[in-house]
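Q: the sequence isn't on hand, but the structure is:
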């Protein structure tokens, strides 16, 4: 019953040849993705830079195929599309789908950095919530560090005491800061970015609230010639993945996605601050004027902004407020 050396060697080579000597490598995984702004806007450019880095690092393991922006899916549908699995990955602010995950308010309300929130357990907590309510896993909070401004067509009206009279403004808003602007006394029209140009052009609104970064990419600076300082809140752009899809990924794909996302998270904050400075200067050089609030009004404005997100979250769903305040507050 002995086996010759030649027979053993031949058998071993045959087994290796059909792949039985070692496990086969898993096939490369591809995730489809949609971004929330047109490709020329800085937020989309930031996301596409993340995708390029991921696709280079993830060759043979994981790739991202970008389907497009709002021409593929409107901003207001991105959260539902990801929850249902129609889209694997979205680059989208938390604000447009607060109806699904009201706790997304914390990304604009917090003054903590993503790194601090990863270290103190805040990210783990918010991902537990996003998983349950939005069927989503948040990879990164990107393009942060800067806030939102109110831009006006005409010089902002003043009250007798010199403060800005927000009651005379009809402001295009996102759902994220609607309550805050209403608290200031302004009339508010909630619209996605794709509708704003026409609203300004037709005079349906006389003001617009948005970040400096990306503003000129929409062409809105053609109509709004004044910027009210200071800014409020913090930009809340997220990169997230359908939770069921995330759970199905092999460990090496998850590792690459998370590593590249955290790298981009950090890099994008610095890049966003530079873009904010550069684009803000370009608008001022083109004739836009900055209007500063009197000190007392400025203080009240910032205090109101700081309170409003937490108040709205508590009104919508108080379940996780105490736990979130402990991490994000």
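A: Cool, got the structure. Note that the coordinates shown come from a computational prediction; the quantities given were computed from them, not determined experimentally.
Q: and the residue nearest the centre of the chain?
A: Here the mean C-alpha position of the chain is nearest to the C-alpha of residue 237 (Cα atoms, centre = their mean), at a distance of 1.1 Å.
Q: isn't that residue up against residue 90?
A: No: in terms of Cβ atoms under 8 Å, residue 237 does not count as a neighbour of residue 90; the distance is 10.4 Å. (C-beta placed from N, C-alpha, C; glycine too.)
Q: which neighbours do the two have in common?
A: Common neighbours of residue 237 and residue 90, using Cβ atoms under 8 Å, 6 or more residues apart in numbering, are residue 36.
Q: which SS class is residue 117?
A: helix (DSSP: H, G, I helix; E, B strand; the rest coil).
Q: please renumber so the chain begins at 889
A: Understood, numbering begins at 889; the last thing we discussed is residue 1005.
Q: isn't residue 973 up against residue 1133?
A: Yes: with contact defined as Cβ under 8 Å, residue 973 and residue 1133 form a contacting pair (6.9 Å).
Q: the more surrounded of the two?
A: It is residue 1133, of residue 973 and residue 1133, that has more neighbours when counted by other Cβ atoms under 10 Å, with 19 against 12.
Q: any idea how far the helix or strand the more buried one falls within is from the chain center?
A: Assigned by DSSP states H and E, residue 1133 belongs to helix 1131-1136. Distance of helix 1131-1136 from the chain centroid (Cα atoms, centre = their mean, to the nearest Å) equals 20 Å.
Q: so where's the protein shaky on pLDDT?
A: The chain contains residues with pLDDT under 70 at 889-914.
Q: please enumerate the helices of it.
A: In the chain, the helices defined using DSSP state H lie at 893-905, 930-945, 966-972, 993-997, 1002-1007, 1010-1022, 1066-1071, 1081-1089, 1131-1136, 1139-1173, 1183-1204, 1209-1216.
Q: pick the most deeply packed of those.
A: helix 993-997 (a mean of 25; mean count of other Cβ atoms under 10 Å).
Q: can you redo the helices of the chain as CSV with distance to residue 916?
A: CSV is the format used below for the helices of the chain (distance: least, Cβ to Cβ, whole Å):
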stretch, distance to residue 916
helix 893-905, 23
helix 930-945, 10
helix 966-972, 22
helix 993-997, 31
helix 1002-1007, 28
helix 1010-1022, 25
helix 1066-1071, 43
helix 1081-1089, 34
helix 1131-1136, 14
helix 1139-1173, 9
helix 1183-1204, 40
helix 1209-1216, 36
